[in-house]
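1. Show me how the following folds:
(2 chains)
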Amino acid sequence: MSAVAPPTAAHPCPERDTAGHDQPSPRRTPLHDVHRGLGAVLTEFAGWTMPLRYGSETAEHHAVRRSAGLFDLTHMGEIEVTGPDAAAALDHALTGRLSAVAVGRARYTMLCAPDGGVLDDLVVYRLEAERYLVVANAANVAVVFAALTERAAGFDALVRDVSQDWALIAVQGPRSADILREVTASDVDALRYYAIDPAVLAGLPVLLARTGYTGEDGFEIYCAPADAPAVWAAVSAAGAGHGLVPAGLACRDTLRLEAGMPLYGQELTAGRTPFEAGLGRVAVLDKPAFVGRDALLGRRESGPAELLVGLLPAGRRAPRHGYDVLDPDSGVRLGTVTSGAPSPTLGRPIAMAYVPADRAAAGTVLAVDIRGSRDTVTVVELPFYRRQAGGHA
Amino acid sequence: MSTVPENLRYTRDHEWLSDEDVPAVGITAFAGEALGDIVYLELPGVGTTLTAGEACGEVESTKSVSELYAPADGEIVEVNPAVTDDPSLVNSDPYGQGWLFRLRLTSTPELLDAAEYAALIGAEASR
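-> As a prediction, the model looks like this:
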């Protein structure tokens, strides 16, 4: 069992940058010592040392589905776009119509290359009429910042990478609102899904958003890095009576997989457009020209050759990222698994994969090469898990 | 730090063997912690002949799949049905209910004692 050698162990030795500042590589969040104190298993993710899990990742997963989980997401990147043309610049740079987003609301959108390939998926908050906050995946911050800067040229808009100015803490799960109510005087219940408002939390100024990546109701709290330990402590204390537990990236991945949410680098890549991922709705093709529009129009007309589907294996072994999807009879390779794991909620393995459009109908029987054996899988509609109606969105 | 019972012997691949004529074999607490929650085990069947160091099964956790290597030369004489039904026993009780199988040894294996194994994982943990 040689693979046990800890791939997840933290890097204990901070390196110094050339300026001589303490600048550990990988980078640490302002909650690093909090995670260490909680006994977190740390992992390197997109250049950051992040909590993978604190105890059992399965228990953390169930806590988010049943009560609530507390996540440090400071690795996410924040880019601010401001100025009289901020809305027009984003309409030109991104696939969505950001000018139509009301102040205090958010939109899920994408940055596409001229050929329609996805460069990143983003949540964009409109904080003020002329001020947007673009939240990018940690691994893509530089790409997004460069693209926005280039695409905003000629507009009266300023693009700034403000990632260092923000820590991000998420509270996710059905008890999230109960917990937030105890730490802020803001009207938590009036904050709608995909809305954001300035709030005071534990006496500290934050941006409180009702967004997330788990398939549950939940909140994301943007605060100054120096305030992050106090925000974390206040939410932890309030959550103790509501079953809140600290939750790491391991359960974040299984939660989003169950919810059928794409992960950049797996379901979303520069080699595919949003249409293959079933996310063609993010491409607003009737707005004025934007980068990637012609290619996306063409893809909508032609229809995608491959589609993202859910797979339910018949057996107990999980298809994993990169495994081949096969024709069950001939064994001919048809596609690729993008993500797969044992689903804690379903108690069986689940996966997402790209398969030819004519093999993407629910009920289609396919196979996956799981480390040399041809395991039967059935195509199912996404998501695998949908929370009970009655909550937000 | 992980517990390392004194009465067991260990492999460098993080398996333990009981000090019996037909030893029980399991995965150490250190390995279980590194793997995360174990959700699936594929174990060799009764009667399978194992060769030390060769892959003989799979350990699947939420995030990873690892091969299980034969800790010694021998023949499988018993597989723990409880642990195949509930692989989380490897995490919750690695040296007790989480045992994997019993192996009739056909040669004398080279194994570590508890102190040697503790030194090995101490070195890995601080690496």
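
2. alpha carbons only for contacts and neighbour counts from here, please
-> Noted.

3. Check the gap between the nearest residue to residue A:143 once chain neighbours are set aside and residue A:233 for me.
-> Spatial nearest neighbour of residue A:143, chain neighbours left out: residue A:119 (7.6 Å); criterion: C-alpha to C-alpha, 6 or more residues apart in numbering or on different chains. Shown here: residue A:119 relative to residue A:233, a distance of 35 Å by C-alpha to C-alpha, to the nearest Å.

4. And the two? Which one has more around it.
-> residue A:119 (22 against 13; other C-alpha atoms under 10 Å in any protein chain shown).

5. Could you say whether that one sits in a helix, a strand or coil?
-> strand (DSSP: H, G, I helix; E, B strand; the rest coil).

6. quick one, what contacts it?
-> When contacts are counted by C-alpha atoms under 8 Å, 6 or more residues apart in numbering or on different chains, residue A:119 touches A:110, A:111, A:112, A:113, A:140, A:143, A:144, A:269, A:270.

7. so how far is stretch B:63-77 off the chain centroid?
-> 7 Å (C-alpha atoms, centre = their mean, to the nearest Å).

8. Likewise for stretch A:245-263?
-> The answer for stretch A:245-263 is 9 Å, by C-alpha atoms, centre = their mean.

9. my read: residue A:46 touches residue A:136, true?
-> No: with contact defined as C-alpha atoms under 8 Å, residue A:46 does not reach residue A:136; the gap is 12.0 Å.

10. okay, these two: which has more neighbours?
-> Set side by side, residue A:46 and residue A:136 show more neighbours around residue A:136, with 25 against 15, by other C-alpha under 10 Å.

11. Residues in a beta bridge with the more buried one, which ones?
-> residue A:77 (DSSP bridges).

12. pLDDT score for it?
-> Note on residue A:136: pLDDT of 98.

13. Where does the stretch 151-300 of chain A get nearest to chain B, which residue?
-> Closest residue of the stretch 151-300 of chain A to chain B, C-alpha to the nearest C-alpha: residue A:250 (7.1 Å).

14. who's in contact with that residue?
-> So residue A:250 contacts A:52, A:53, A:57, B:62, B:63 (C-alpha under 8 Å, 6+ apart).

15. Then residue A:351?
-> Contacts of residue A:351 (C-alpha under 8 Å, 6+ apart): A:257, A:310, A:311, A:312, A:318, A:319, A:320, A:337, A:338, A:339, A:340, A:341.

16. got TSV for those residues, with secondary structure and pLDDT too?
-> Output for the contacts of residue A:351, formatted as TSV (DSSP: H, G, I helix; E, B strand; the rest coil; pLDDT from 0 to 100):
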residue	secondary structure	pLDDT
A:257	helix	98
A:310	strand	98
A:311	strand	98
A:312	strand	98
A:318	coil	96
A:319	coil	97
A:320	coil	97
A:337	strand	98
A:338	strand	98
A:339	strand	98
A:340	strand	98
A:341	strand	97
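
17. Now for those residues: which two are most distant?
-> Farthest-apart pair in the contacts of residue A:351 is A:312 and A:338; separation 13.6 Å (C-alpha to C-alpha).

18. Could you measure from residue A:376 over to residue A:196?
-> 44 Å.

19. More neighbours: which of the two?
-> Taking other C-alpha under 10 Å, residue A:376 and residue A:196 do not tie; residue A:196 has more neighbours (24 against 20).

20. I figured the more buried one was touching residue A:207, is that so?
-> Yes: at 6.6 Å, residue A:196 counts as touching residue A:207 under the criterion of C-alpha under 8 Å.

21. which residues of the chain score low on pLDDT?
-> Just so you know, I chose chain A. A:1-23, A:389-393 (pLDDT under 70).

22. wait, I meant chain B there
-> In chain B (pLDDT under 70), the answer is B:1, B:123-127.

23. next structured bit after the helix or strand where residue A:351 lies?
-> Per DSSP states H and E: residue A:351 is located in strand A:348-356. Reading on from strand A:348-356 to the C-terminus, the next helix or strand found by DSSP H and E is strand A:365-370.

24. Tell me the strands beside that following strand, with direction?
-> strand A:324-326 (antiparallel), strand A:373-380 (antiparallel).

25. hey, which of those is tucked in deepest?
-> Compared across those, strand A:324-326 shows the largest average neighbour count, a mean of 25 (mean count of other C-alpha atoms under 10 Å in any protein chain shown).

26. ok, residues contacting that strand?
-> Under C-alpha under 8 Å, 6+ apart, the answer for strand A:324-326 is A:332, A:333, A:334, A:335, A:336, A:337, A:353, A:355, A:366, A:367, A:368, A:369.

27. distance of residue A:99 from residue A:92?
-> 10 Å.

28. Helices of the stretch 201-350 of chain A, start to end?
-> Counting by DSSP state H, counting those that start in this stretch, the stretch 201-350 of chain A has helices at residues A:228-239, A:249-258, A:293-302.

29. ok, residues contacting the longest one?
-> Just to be clear, that refers to helix A:228-239. Taking C-alpha under 8 Å, 6+ apart as the rule, helix A:228-239 contacts A:30-31, A:34, A:68, A:70, A:167-169, A:179-180, A:182-183, A:201-202, A:204, A:244-245.
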